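K.L.:
below are the sequence and a predicted model for it; my questions follow.
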Amino acid sequence: MSEKISVVYHELYDAYGPQGWWPLVEHDGTNPTKTGAISGYHVGDYTFPRTKKEQFEICLGCFLTQNTAWTSVERSLLNLKKLHALSPQRIMEMDDKIFTEAIKPSGYHNQKSRYIKKFIPFFLALDEHVPTRTELLELLGVGPETADSMLLYAFKQPEFVVDTYTKRIFIQVGLIREKTSYDIVKSMCEVALKNEILDQDRLIVAYQEFHALLVEHAKRHYSKKPYGENCFLQMFDDK
DNA sequence: TTCCAGGCAATAC
DNA sequence: GTATTGCATGGA
């Protein structure tokens, strides 16, 4: 099973190349091969986030992208940028209604606004401390995917991110069943990559790329039914 | 018009 | 413990 996941990772990497996640609005890099991308991807540069502000922007994106297309999230982030409100301090100073209005394009804005306003004191209190997964999961609006996304992309911790796309692809190629739990899928991916990548920093990069690659592949072949049309991964469906 | 998007909390069984 | 349901905008 580990071997098969590894094959999936390498097939996707060969097909699409490095993805440059997590996108940042203030970074002007692009990846023209990416579906639905406007800007902000930093392909091949794994030095991000380089500041607390960039780290915060990633956390913000983790909330905003819950069940929402990234293009919509980007619209919200650009609204905030225009208001000079891409920092935790500025958002706390802002009127709730103005903040909520700014993130309206990404949907569920009333709940996401509350989640983020409650998250900010937690974020500021961290200072240089890296939060644990458990600490994050205790926060309102932070479930397993949001926690892992923050840990992997904002805090550079070796925590694999599973999303609906990941499960959809894995079901199609016969790796899991419909009801396989989040934690099981996460663990399967982590074990598979740990087996072949011993260096910690490279492992984190591989986690980052694998998740991004699964999203990219799913956007192309698993967004509309029937899922998996023209998906080249199914050719490796032999074990 | 209908379906879907880089989920989560609250509630029901 | 697992299964539903509400949350909401914007694009295909």
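P.N.:
Yep, that arrived.
K.L.:
quick one: residues in contact with stretch A:217-231.
P.N.:
A:12, A:15-16, A:35-36, A:165-166, A:168-169, A:172-173, A:233-234 (CB atoms under 8 Å, 6 or more residues apart in numbering). The way it works is simple: take the backbone N, C-alpha and C, and place the C-beta from them, glycine included.
K.L.:
for those, which one is nearest DNA strand C?
P.N.:
The nearest member of those to DNA strand C, counting by CB to the nearest atom of the strand, is residue A:36 at 7.6 Å.
K.L.:
neighbours around the closest residue to that closest one other than its chain neighbours, how many?
P.N.:
Once flanking residues are discounted, residue A:36 sits nearest to residue A:71: 5.4 Å by CB to CB, 6 or more residues apart in numbering. Residue A:71 has 12 neighbours, counted by other CB atoms under 10 Å.
K.L.:
what helices or strands is the helix or strand residue A:71 falls within leaning on?
P.N.:
Per DSSP states H and E, residue A:71 falls inside helix A:70-82. Applying 3 or more CB pairs under 8 Å, 6 or more residues apart in numbering; DSSP states H and E, one finds that helix A:70-82 contacts helix A:52-64, helix A:96-102.
K.L.:
buried residues in that helix?
P.N.:
For helix A:70-82, a neighbour-count test (16 or more other CB atoms under 10 Å) marks A:70, A:72-80 as buried.
K.L.:
and what of stretch A:177-192?
P.N.:
Quick answer for stretch A:177-192 (16+ other CB under 10 Å): A:185-186, A:188-190, A:192.
K.L.:
let's see it as CSV, backbone CA atoms only.
P.N.:
Extracted in CSV, the C-alpha atoms of stretch A:177-192 (Å, rounded to 0.1, in the frame of the first residue of the first chain):
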residue,chain,number,x,y,z
ARG,A,177,-13.1,2.8,1.3
GLU,A,178,-15.7,5.6,1.4
LYS,A,179,-15.7,5.5,5.2
THR,A,180,-12.0,5.3,5.9
SER,A,181,-11.3,8.0,8.6
TYR,A,182,-9.3,11.2,8.2
ASP,A,183,-6.6,10.0,10.6
ILE,A,184,-6.2,6.7,8.8
VAL,A,185,-5.7,8.3,5.4
LYS,A,186,-3.3,10.9,6.9
SER,A,187,-1.3,8.1,8.6
MET,A,188,-1.1,6.1,5.3
CYS,A,189,0.4,9.0,3.4
GLU,A,190,2.8,9.9,6.2
VAL,A,191,4.1,6.3,6.5
ALA,A,192,4.5,6.0,2.7
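K.L.:
close to DNA strand C: what parts of chain A are there?
P.N.:
Residues of chain A lying near DNA strand C by CB under 7 Å from any atom of the strand: A:67-69, A:71-72, A:75, A:104-105, A:107-112, A:179.
K.L.:
can you do 10 Å?
P.N.:
Contacts of chain A with DNA strand C, taken as CB under 10 Å from any atom of the strand, map to A:35-36, A:66-69, A:71-72, A:75-76, A:79, A:100-101, A:103-114, A:141, A:178-179, A:181, A:223-224.
K.L.:
next step: those restricted to helices.
P.N.:
A:71-72, A:75-76, A:79, A:100-101, A:109-114 (DSSP state H).
K.L.:
out of those residues, who's near DNA strand B?
P.N.:
Subset of those in contact with DNA strand B: A:71-72, A:111-112, A:114, counting by CB under 10 Å from any atom of the strand.
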